[in-house]
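Visitor: here is a sequence with its predicted model. Questions after.
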Amino acid sequence: MNFFERQAEARRTSVRLVVLFALAVAGIIAAVDLAVAVVWGTNPGALLLGGIVTAAIIGIGSLYRIASLRGGGEPVALQMGGVPVPEDTRDFGLRRLRNVVEEIAIASGVPVPKIYVLEHEAAINAFAAGYSPSDAVVAVTRGALERLNRDELQGVVAHEFSHILNGDMRLNIRLIGVLFGILMLGIIGRKILQHGRVGGRGRGAGAIVIAALIATVVGYVGLFFGRMIKAGVSRSRETLADASAVQFTRQTQGLAGALKKIGGVNEGSRLADRGNAEEVSHMLFGDGVGFAGWFATHPPLLKRIQALEPQFRSEQLERLRAQWYASPPDGLDEDLRMGLRGHAAGALPDSSAQVSVTPPMVVAQVAHPNSDDYRRADAIAAGVPEALRGLASRRDTVVPLLLGLLLANEGRVQDKQVAEIRARLDVSLAQYALEIHQQLTADLHPMLRLPLAAMAFPVLRMRPRPELDTFMDTVFALVHADNQVSLFEYCLGRLLQVQVRESLDPGRYTRFGRRRLNDVRSELATLLCVVAQSGHDGADAARHAYLAGMQRVLPSDHLPYQPRREGVLALDAVWEPLDALDPLAKQALVEGLVATIGHDGRVSIAEAELLRTVCGALHCPLPPMLERT
């Protein structure tokens, strides 16, 4: 399946989750009514009241937990005891982790997620959490950092990125909220029995104790359903994530090695914080609790290894356990023995270079990176000067860096832009942005402008909301300073809006769409018209390109080509309706977009930036396939 088909499957899984939740609630209510009937008799009023109270407790519990996770992946990481990895860390192990995550993010076409380490967990494990790539968090345990070498760490991180790209992450975080409600009765009952103070020996006190006992017993019914739901949703998606990680990195040794170490070291993958591990067990890289059989959230470890290395046998795992019992593996030491891997050398195309793509090629690789993309990401990361990467990683320099990318090269337009920065932000910041712009002009390949901005997005999102609002006002002023908006200005401005908007309200913009292509005919026509205008010289060439795109999106429609006088600004009205499309409708849209852009047989870097921006705005992450020679 490609990305769009997996998204459609994830939406169906969400529907199945709702059905399973409803069945679980019905089962819990039935258990409560049975207990009420046994204790107080078959009083219809009591049975009805018991059902209503039970449903209300479950609903309130689920809504409360979902609201507590509104901030995306970060609340989950903090709940698990995660410590953020600084952007400018000097620690070699943390730097290695950040480098791996950044390279895979570039190769996946998604923003670099926030990175956390579970410092108090010696086991080998990891998870990704969030509603969308814009608010995603990748967390690894201290044990994973210390025990895994770079290839193995890369395999684990690629596995977690598969969850980000396939829609699993959003499903998993909602599953936490839903299951919390199912477990509420048991939690309440245990709390009353453990900490309650029931005075006297009256009937009221006895009724409270009996109710608490019933809630505790029924809580085990909820626990049964909760574990069954997690196992049913999680197991198949873990197998898919393993396969995707291998296809991405094009080597099985890394992921297989990480799984072998989980089976061979004393700590395995089970987390010390068992209470929190239970809640997030379905989103961990390895089994964090120790479930088996029906309740297992992951396929058996040996089967996962054998899927990567068919000849591997259980006896070999036993030998590894014996070997590592007295002398646990040290991942950093293994890196040194193998020779530290630097960035791959890769040539970047000339700034006027063009690449050739086809609609099936792009659709096949949306959110489906392969080893070429990983190597290309390595070259892109190496192509960004270290000084500029440093600016993108620091909170005090990320704003002037992004503003510097938007400054004109010289003249009255640049003077007006600098004046806007001085008026809205700060005089010294305006001067610093100008100095950075000069550095960017001298040292940065044009193709690397958006990748550099993507490196800066996670740091930008850490700024307080009032600062982000002022920053976005300044971006708007810079883009419109000359009353003309270039493709690059629009692309960077739009990507910034997506990043900032989703960081401020993660859960709002990440729902699965349901609209059909016929519902957004006007918006489709606007998008393809603007793309045709921007990438083709002459009205005839643009019209033919537009018609080629429409033929793939709405072949039975005959919407005429009508150039948009406002140019690229006409796209402002299309994003929300198009992002609400059904996943398979988005596939047709991307095919039409590529057909329009590539109608002349080539794709310029400016057009590639526009295609990347459209895919980013529609939550269809695009690997760096357009930046190949």
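Guide: That came in fine, so what should we check first? Numbers count the residues shown, from 1 in each chain.
Visitor: ok, the residue nearest the centre of the chain to residue 125 distance?
Guide: The C-alpha lying nearest the average C-alpha coordinate of the chain belongs to residue 133 (Cα atoms, centre = their mean; 2.9 Å). Distance of residue 133 to residue 125, given as Cβ to Cβ, to the nearest Å: 21 Å. C-beta coordinates here come from the backbone N, C-alpha and C atoms, glycine included.
Visitor: which residue packs closest to the residue nearest to the centre of the chain, ignoring adjacent ones?
Guide: residue 110 (3.9 Å; Cβ to Cβ, 6 or more residues apart in numbering).
Visitor: that neighbour: which element?
Guide: Remark: residue 110 resides in no helix or strand, with elements defined by DSSP states H and E.
Visitor: and for residue 551?
Guide: helix 539-553.
Visitor: centre of the chain versus that helix, how much separation?
Guide: Chain-centre distance of helix 539-553: 33 Å, with Cα atoms, centre = their mean, to the nearest Å.
Visitor: and it, what does it pack onto?
Guide: Packing partners of helix 539-553 (3 or more Cβ pairs under 8 Å, 6 or more residues apart in numbering; DSSP states H and E): helix 521-535, helix 583-597.
Visitor: and for it, what are the contacting residues?
Guide: By Cβ atoms under 8 Å, 6 or more residues apart in numbering, the residues outside helix 539-553 that reach it are 359, 517, 524-525, 528-529, 531-533, 535-536, 557, 559, 561, 563, 588-589, 591-593, 595-597, 599-600.
Visitor: list the buried ones in that helix?
Guide: With burial defined by 16 or more other Cβ atoms under 10 Å, the residues of helix 539-553 counted as buried are 542-550, 552-553.
Visitor: how about the contacts made by residue 23?
Guide: Contacts for residue 23 (Cβ under 8 Å, 6+ apart) come out as residue 225.
Visitor: report the separation between it and residue 228.
Guide: 10 Å.
Visitor: residue 92 contacts residue 331, correct?
Guide: No: in this structure residue 92 lies outside contact range of residue 331 using Cβ atoms under 8 Å: 11.2 Å.
Visitor: these two: which is more packed in?
Guide: Neighbours were counted for residue 92 and for residue 331 using other Cβ atoms under 10 Å; residue 331 has more, 24 against 11.
Visitor: what score does the more buried one have for pLDDT?
Guide: Listed pLDDT for residue 331 reads 85.
Visitor: let's have the chain start at 724 instead
Guide: Noted, 724 is the first residue going forward, which turns the last one into residue 1054.
Visitor: how about the helices and strands packed on helix 1262-1276 in TSV, adding mean neighbour count?
Guide: As requested, these are exported to TSV (neighbours: other Cβ atoms under 10 Å):
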stretch	mean neighbour count
helix 1244-1258	23
helix 1306-1320	24
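Visitor: of those, which is nearest residue 728?
Guide: Of all those, helix 1306-1320 sits nearest to residue 728, with 7.2 Å by Cβ to Cβ.
Visitor: so what secondary structure elements neighbour the closest one?
Guide: helix 726-763, helix 1082-1088, helix 1244-1258, helix 1262-1276, helix 1328-1340.
Visitor: who touches the residue nearest to residue 856 in this structure?
Guide: For residue 833, the contact set (Cβ under 8 Å, 6+ apart) comprises 856, 859, 884, 887-888, 1344.
Visitor: ok and the helix or strand hosting residue 935 relative to helix 726-763, angle-wise?
Guide: Using DSSP H and E, residue 935 falls within helix 926-972. Helix 926-972 and helix 726-763 are oriented at 160 degrees to each other (axes from the mean of the first three to the mean of the last three Cα atoms, to 10 degrees).
Visitor: which residues touch the helix or strand following helix 926-972?
Guide: The helix or strand immediately downstream of helix 926-972 is helix 975-987, counting by DSSP H and E. Applying Cβ under 8 Å, 6+ apart, the set of residues contacting helix 975-987 from outside is 846-848, 867, 870-872, 874-879, 881-882, 965, 968-969, 972, 991-992, 1008-1009, 1024-1025, 1027-1028, 1031-1032, 1035, 1040, 1043-1044, 1046-1047, 1052.
Visitor: what of stretch 802-812?
Guide: Here stretch 802-812 has contacts from 817-818, 820-821, 837-844, 860, 862, 996, 999, 1003, 1113, 1116-1118, 1181-1182, using Cβ under 8 Å, 6+ apart.
Visitor: please flag which of these sit within strands.
Guide: Counting by DSSP state E, the part of the contacts of stretch 802-812 found in strands is 837-841, 860, 862.
Visitor: so where do the helices sit in the stretch 974-1123 of the chain?
Guide: Under the criterion DSSP state H, counting those that start in this stretch, the stretch 974-1123 of the chain carries helices at the ranges 975-987, 997-1003, 1024-1031, 1037-1049, 1054-1061, 1082-1088, 1094-1106, 1109-1115, 1121-1129.
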